[in-house]
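**Q** Here is my input; please provide its structure:
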Amino acid sequence: MAVDGAVLQAVLKAYTFVLLWMSVSISVILFNKWLLAYSGFPFPIALTMWHMTFCSTIGFICIRVLKLVKSHNMSPKDYLQRVMPIGILYAASLWLSNSAYLYLSVSFIQMTKSLMPGLVYACGVALGTEQYQWSSAANMLLIAFGVVVCALGEANLVMKGLAQQLIALLFEAARLTLVQILMNSKGLAMNPLQSLYYVSPACLMGLALPFVLVEAQTFFTNPPVIYPSVFIANALAAFALNLAVFLLIGKTSALTMNIAGVIKDWMLIFFSFYLFHAPVTRLNLFGYAFCCTGVGIYNYQKLQLLRKKALQKTKEPAAMADQEAATTNGNQNGKTQASKD
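**A** Reported below is the predicted structural model:
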């Protein structure tokens, strides 16, 4: 009974983190869509810069003032080589993905995000962190076909928004791959507060030039009406999402997040339809079913790979113990034979 109670408690805790992440993520996406497309603030770069300014301030206070988390004490050279490329890619991804909300519905944007596993896999193959496999490539083509069908069925498709969203996904896939190469492989894995402290300022610097070139003139010529409470709430929601992602992966796994993400996307399609009256066609849903099938196969392949690696890890100590025992027995037999001689 005690074992059953512990299992039940673990399951409830996992579901709690899943529901927390899904709720915060959905809230942030719908909040950003409303702010950019309906509230009279069509400035995605300025909004992203505000998020990064807020997150950089929180990170600085937590690490340098309150000392809640230790810093990695990077040298300026390490920061430029390891963090700045990630920050610039993150800036481009956030800028373009937020810009897409001006032209595309939330439901269609979520459908295009099904491409992420394929893009991460392609970037991994290109940069040497993944091995090419025909089965994985065929699965990614299945997902891509589903997204094409979704686009064909989109009632209010704007090519500029679609291009921005696809390029944003490509930048995000490259960022995730570079995190693995430049940070994780060097033992510089970061928790959310460390990520805010290091990556947010780099992202903010990466957004400065696009803001000057694209939005600054309009922003300062016809400044929008800004309600501080709304923007503080929006920034707090973005900060809460960072924490929710960390808690979900830390307490469950990245695979759980991928599976929960599919459910979250279906919920966002529903909310987008009823809140913003974004039309969803049967062809949209048919294409997205293809995407979900491909993502499901991808998650299954990842699960099998994780199980295979775990099995190999358990076999390796046993094999080493057997080898050591055989070596010891061989040495003992050799000594016995020598004493007889």
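**Q** show me where pLDDT drops low in the chain?
**A** Across the chain, the ranges flagged by pLDDT under 70 are 1-7, 250, 253-255, 315-341.
**Q** Going along the chain, name the strands of it.
**A** For the chain, strands defined by DSSP state E do not occur.
**Q** Quick test: name the residue nearest the centre of it.
**A** By CA atoms, centre = their mean, the chain has its centre lying nearest to residue 176, at 7.3 Å.
**Q** need the contact list for that one.
**A** Residues near residue 176 by CB atoms under 8 Å, 6 or more residues apart in numbering: 120, 123. The way it works is simple: take the backbone N, C-alpha and C, and place the C-beta from them, glycine included.
**Q** what's around residue 283, how many residues?
**A** 15 (other CB atoms under 10 Å).
**Q** ok, which stretches of the stretch 151-300 of the chain are helices?
**A** 159-178, 192-210, 216-221, 228-251, 254-275, 282-340 (DSSP state H, counting those that start in this stretch).
**Q** Buried deepest among those helices, which one?
**A** Mean neighbour count, computed with mean count of other CB atoms under 10 Å, is highest for helix 192-210 among those, reaching a mean of 21.
**Q** so what does it touch, helix or strand wise?
**A** Judged by 3 or more CB pairs under 8 Å, 6 or more residues apart in numbering; DSSP states H and E, helix 192-210 is in contact with helix 44-60, helix 84-100, helix 228-251.
**Q** what sits up against that helix?
**A** Contacts of helix 192-210 (CB under 8 Å, 6+ apart): 45, 48-49, 52-53, 55-56, 58-60, 62-64, 68-69, 71-72, 74, 79, 83-84, 86-88, 90-92, 94-95, 190, 239, 242-243, 245-246.
**Q** 7 Å - rerun?
**A** The contact list for helix 192-210, computed with CB atoms under 7 Å, 6 or more residues apart in numbering, reads 45, 48-49, 52-53, 55-56, 58-60, 62-63, 68-69, 71-72, 83-84, 86-88, 90-91, 95, 190, 242-243, 246.
**Q** That helix vs helix 84-100, what angle?
**A** Taking axes from the mean of the first three to the mean of the last three CA atoms, to 10 degrees, one finds helix 192-210 and helix 84-100 inclined to each other by 70 degrees.
**Q** how far does helix 192-210 sit from the chain's center?
**A** The chain centroid and the centroid of helix 192-210 are separated by 16 Å under CA atoms, centre = their mean, to the nearest Å.
**Q** Then stretch 187-200?
**A** Distance, stretch centre to chain centre, for stretch 187-200: 14 Å (CA atoms, centre = their mean).
**Q** cool, and stretch 163-172?
**A** Distance, centroid of stretch 163-172 to centroid of chain: 13 Å (CA atoms, centre = their mean).
**Q** just stretch 118-134 next, same as before
**A** Taking CA atoms, centre = their mean, one finds the center of stretch 118-134 at 16 Å from the center of the full chain.
**Q** likewise stretch 28-40?
**A** 21 Å.
**Q** Flag every buried residue along that stretch.
**A** Applying a neighbour-count criterion of 16 or more other CB atoms under 10 Å, one finds 28-37 buried in stretch 28-40.
**Q** related to what we said a few turns ago, including distance to residue 111, could the helices and strands packed on helix 192-210 go into JSON lines?
**A** Below are the helices and strands packed on helix 192-210 laid out as JSON lines (distance: least, CB to CB, whole Å):
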{"stretch": "helix 44-60", "distance to residue 111": "20"}
{"stretch": "helix 84-100", "distance to residue 111": "12"}
{"stretch": "helix 228-251", "distance to residue 111": "20"}
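**Q** quick one: which of the ones you listed is nearest residue 218?
**A** helix 44-60 (9.9 Å; CB to CB).
**Q** okay, the angle between the closest one and helix 228-251?
**A** Angle, helix 44-60 to helix 228-251, by the same axes, to 10 degrees: 60 degrees.
**Q** Show residues contacting helix 44-60.
**A** Counting by CB under 7 Å, 6+ apart, 35-36, 41, 94-95, 98-99, 102, 193, 196-197, 200-201, 203-204, 207, 210-211, 214-215, 219, 231, 235, 238-239 sit against helix 44-60.
**Q** And stretch 159-168, by the same measure?
**A** Contact with stretch 159-168 is made by 93, 96-97, 99-100, 102-104, 109, 112, 151, as judged by CB under 7 Å, 6+ apart.
**Q** what distance separates it from the middle of the whole chain?
**A** Offset of stretch 159-168 from its chain centre (CA atoms, centre = their mean): 18 Å.
**Q** now swap in stretch 134-154 and tell me
**A** Using CA atoms, centre = their mean, the offset of stretch 134-154 from its chain centre is 20 Å.
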